[in-house]
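Chemist: build me a model:
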Amino acid sequence: MLFIPARPNMDRQRRGGRRATLALLAAVSASFVLSPAVTAGAETAGLANPPENIPRTAAIEQACAGGSGSSCQEAVVESIDEARAAEGVAPLDLPANYGSLTVPEQLLVLANRERVDRGLPGFSGLSSTLDTLALQGASTNNDPNGPANTSWGSNWAGGEATALLADYDWMYDDGYGSPNMDCTTPHGNGCWDHRANILGDYGTDPSMGAAATKVDGVTSMSELFSSGTPGHLDYTLPKAAQSLVTPTAVQIGTAPSIANSAMLTVSDAGKAFQALAQVEGDKGSWSVTPSCRASAWGKCHLFVTFLPAQQGEATAMVTVNLSGRIEQVDVNAYAGHGYWEATGNGDVLAYGGDGYRGSAARVRLAKPVVGMAPMPDGGGYWEVAADGGVFSYGDARFYGSAALGRVSTPFVGMAAASDGQGYWLANANGSIYSFGRAHYYGSLGGHAGDRVVGIAATLDGAGYWVVASNGEVYPFGDAKDFAPDQPLDLSSPVVGMARTRDGGGYWVVTKAGQVYGFGDARAYVEADNFPSAEIVGIAAATTGYYLVTSAGQVYCFGGATVAGASPVLHDSKVVAIAAV
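Modeler: Down below sits the predicted model:
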């Protein structure tokens with residue numbers, strides 16, 4: 001059971017659940033008579049409980065304070081997607097008619113997606129019998145009781161503005177530190193009980209009921225899950241046809257007069273096939289692989305390519321004819337200054353700039369990639385691995401690496417010389433290694449107050465800063481000391497830094513998205529006012545900066561323009577961002 005006060009910004013209360021047939025009489029609870037599918041050691045993506053509670057973000061509270069508008073839905077879905085990405089679960093895919101569904105129907109859609117996206121059997125619709133029981137619970141602000149002689153679980157929420165908010169609170173804001181009053185210790189029995197209900201084991205053909213009403217003018221919602229026979233269905237959940245072309249939408253980033261491509265994967269379960277493709281788009285030249293073939297149970301690939309005629313945004317539609325079935329893929333493109341993302345397995349995702357120039361994804365890496373740096377002209381970039389190995393692409397030349405030095409301390413990042421004819425590597429104890437025309441100006445050599453996490457070069461390349469996870473910044477060469485007299489009041493560790501374009505300052509960013517500006521660097525996002533996400537890097541834009549999460553989501557501030565992102569489309573997490 002979950003209670004959310006009707007007025008915004010008030011403290012929420014929630015009591016967890018117990019495994020008993022009686023609904024709890026306290027204001028907030030969840031009731032079980034089942035063996036939950038969720039276990040601490042679950043190997044399937046998203047079945048284990050999150051390692052820590054994910055509270056509602058300030059963005060959610062602000063967007064949803066006025067009710068259930070589109071901005072509220074967008075804010076909640078964004079936070080759900082971030083939480084899912086951390087669990088290795090795909091983003092939430094709501095049906096096109098979601099907004100026109102009733103609240104019980106929306107609760108069905110959400111519970112179904114939370115289960116199916118984690119490999120659990122879904123619900124075919126809303127059971128008339130269970131709907132009646134759910135309404136009995138909602139009408140009395142209590143968890144509904146399930147049918148006798150079945151395994152069942154139920155959730156209740158009061159004062160929620162939308163079904164999406166209720167789903168977020170039940171699934172992601174239910175652990176230690178949440179308003180769940182039965183979760184008083186990090187591993188208490190009452191923690192994550194609402195989530196356990198939604199992901200519970202109700203057999204191979206689970207049934208569900210849901211209800212929404214008002215009690216004393218306050219919204220009351222409930223949902224009931226059971227292993228019993230569904231019986232008559234009040235509402236049948238349409239079965240969406242499985243897409244044979246993935247992803248269903250792609251983004252391409254490049255620069256004017258420079259082509260870049262994105263890949264589509266085509267499959268047709270159990271059948272040999274030939275796929276025929278064509279593309280139509282604007283603001284440049286578009287092309288796509290005209291056809292591809294695959295044997296039974298096989299896959300083939302189509303590449304859509306964009307050559308922009310001008311700077312700015314562009315769109316296209318790829319149409320694929322597969323065994324008499326037509327599927328379409330939306331393509332969004334951006335030409336202009338942009339950024340690259342690097343993943344731990346060495347893959348590079350290009351959005352703007354001079355596009356994709358290659359990656360270490362096909363290299364047999366001894367250690368994962370941990371950072372990257374761009375060429376000043378935007379025509380290439382380097383990647384650096386944790387063992388000091390360096391990989392160069394485009395017009396970025398290879399000047400050496402620290403991989404053969406067998407350094408025991410892992411490397412954490414790199415910075416390019418101002419003319420692109422060299423670079424520095426930094427490892428976790430603050431040692432600096434210089435290559436090419438990047439001169440050595442000193443290092444911490446193990447004397448940092450905490451683990452070093454990043455490096456940034458000065459504008460003229462005659463110095464650099466290194467930053468530690470506690471926020472301490474150490475200048476070398478002609479790098480100016482912009483650090484404050486007092487230590488930063490951090491709620492999470494610093495994960496990276498970036499110099500302003502004019503060289504007059506720098507930003508540092510924490511894992512939670514707190515940004516601190518020094519010198520002429522202006523912080524555009526307030527501390528503790530950022531969507532819940534695992535930030536892994538920061539890069540300076542022409543004005544402002546970009547922040548990137550481990551899932552690949554990019555946030556832009558101070559005039560920076562988003563050029564694209566592909567959350568949860570990678571084989572490993574994003575570890576760094578570089579911009580030109």
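
Chemist: quick one: the strands in the stretch 251-400 of the chain?
Modeler: Secondary structure of the stretch 251-400 of the chain by DSSP state E, counting those that start in this stretch: the strands cover 260-267, 273-281, 284-288, 291-294, 299-308, 312-322, 325-335, 339-343, 348-351, 369-374, 380-385, 390-394.

Chemist: would you mind listing the buried residues in the fifth one?
Modeler: With burial defined by 16 or more other CB atoms under 10 Å, the residues of strand 299-308 counted as buried are 300, 302, 304-308. In short, each C-beta sits where N, CA and C put it, glycine included.

Chemist: give me the sheet partners of that strand and which way each runs.
Modeler: Note on strand 299-308: by DSSP bridges, its sheet partners are strand 260-267 (antiparallel), strand 284-288 (antiparallel).

Chemist: tell me the spacing between residue 429 and residue 226.
Modeler: To residue 226, residue 429 is 57 Å away according to CB to CB, to the nearest Å.

Chemist: so which of the two has more stuff around it?
Modeler: Shown here are residue 429 and residue 226; by other CB atoms under 10 Å, residue 226 has more neighbours (26 against 18).

Chemist: I'd say that one and residue 150 touch.
Modeler: Yes: between residue 226 and residue 150 there is a contact at 4.8 Å, judged by CB atoms under 8 Å.

Chemist: which two of the buried residues of strand 299-308 have the greatest separation?
Modeler: 300 and 308 (27.0 Å; CB to CB).

Chemist: run the chain-centre distance for stretch 162-173.
Modeler: Distance, stretch centre to chain centre, for stretch 162-173: 17 Å (CA atoms, centre = their mean, to the nearest Å).

Chemist: average pLDDT for that stretch?
Modeler: Taken as a whole, stretch 162-173 has an average pLDDT of 94.

Chemist: what's the helix ranked longest in the chain packed up against?
Modeler: Longest helix in the chain, counting residues (DSSP state H): helix 70-87. Contacts defined by 3 or more CB pairs under 8 Å, 6 or more residues apart in numbering; DSSP states H and E place helix 70-87 against helix 58-64, helix 163-171.

Chemist: got the angle between the last one and helix 70-87?
Modeler: Orientation of helix 163-171 against helix 70-87 (axes from the mean of the first three to the mean of the last three CA atoms, to 10 degrees) gives an angle of 30 degrees.

Chemist: with adjacent residues omitted, what lies nearest to residue 542?
Modeler: Leaving out its chain neighbours, the residue that sits closest to residue 542 by CB to CB, 6 or more residues apart in numbering is residue 337, at 5.8 Å.

Chemist: I'd say that neighbour and residue 580 touch.
Modeler: Yes: at 6.0 Å, residue 337 counts as touching residue 580 under the criterion of CB under 8 Å.

Chemist: the two: who's more crowded?
Modeler: More crowded of residue 337 and residue 580, by other CB under 10 Å: residue 580, with 22 against 18.

Chemist: and residue 96, how many neighbours?
Modeler: 6.

Chemist: with residue 225 instead?
Modeler: 31.

Chemist: what does residue 285 give?
Modeler: Based on other CB under 10 Å, the number of other residues close to residue 285 is 11.

Chemist: for the residue nearest to it when sequence neighbours are not counted, give me its contacts.
Modeler: In this structure, residue 285 finds its nearest non-sequential neighbour in residue 307, 4.2 Å apart by CB to CB, 6+ apart. With contact taken as CB atoms under 8 Å, 6 or more residues apart in numbering, residue 307 is in contact with 257-259, 284-286.

Chemist: most neighbours among those, which one is it?
Modeler: Going by other CB under 10 Å, residue 286 tops these with 23 neighbours.

Chemist: how big is the angle separating the helix or strand hosting residue 219 from helix 163-171?
Modeler: In this assignment (DSSP states H and E), residue 219 forms part of strand 218-226. Between strand 218-226 and helix 163-171, the angle comes out at 60 degrees (the same axes, to 10 degrees).

Chemist: so where do the strands sit in the stretch 451-580 of the chain?
Modeler: Using DSSP E, counting those that start in this stretch, strands in the stretch 451-580 of the chain cover 452-457, 463-468, 473-477, 494-499, 505-510, 515-519, 535-540, 545-549, 554-557, 574-579.

Chemist: format those strands as TSV; extra columns: distance to residue 48 and mean neighbour count.
Modeler: Output for the strands of the stretch 451-580 of the chain, formatted as TSV (distance: least, CB to CB, whole Å; neighbours: other CB atoms under 10 Å):
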stretch	distance to residue 48	mean neighbour count
strand 452-457	27	26
strand 463-468	31	26
strand 473-477	37	19
strand 494-499	24	25
strand 505-510	25	24
strand 515-519	31	19
strand 535-540	22	26
strand 545-549	20	27
strand 554-557	27	20
strand 574-579	22	27
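
Chemist: residue 293 is nearest to which of those strands?
Modeler: strand 574-579 (33.0 Å).

Chemist: got the CA positions of that closest one in CSV?
Modeler: Coordinates of each C-alpha in strand 574-579 appear next as CSV, following Å, rounded to 0.1, in the frame of the first residue of the first chain:
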residue,chain,number,x,y,z
VAL,A,574,29.2,4.6,-21.9
VAL,A,575,32.4,5.7,-20.1
ALA,A,576,33.3,9.1,-21.6
ILE,A,577,32.2,11.9,-23.9
ALA,A,578,34.3,14.2,-26.1
ALA,A,579,33.2,17.3,-28.0
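
Chemist: which other helices and strands contact that strand?
Modeler: strand 339-343, strand 369-374, strand 535-540, strand 545-549.

Chemist: mind giving me TSV with those and columns for mean pLDDT and distance to residue 401?
Modeler: Formatted as TSV, the helices and strands packed on strand 574-579 follow (pLDDT from 0 to 100; distance: least, CB to CB, whole Å):
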stretch	mean pLDDT	distance to residue 401
strand 339-343	92	16
strand 369-374	96	13
strand 535-540	95	21
strand 545-549	93	24
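
Chemist: could I get those as TSV with distance to residue 253?
Modeler: Shown next, in TSV, are the helices and strands packed on strand 574-579 (distance: least, CB to CB, whole Å):
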stretch	distance to residue 253
strand 339-343	8
strand 369-374	13
strand 535-540	14
strand 545-549	12
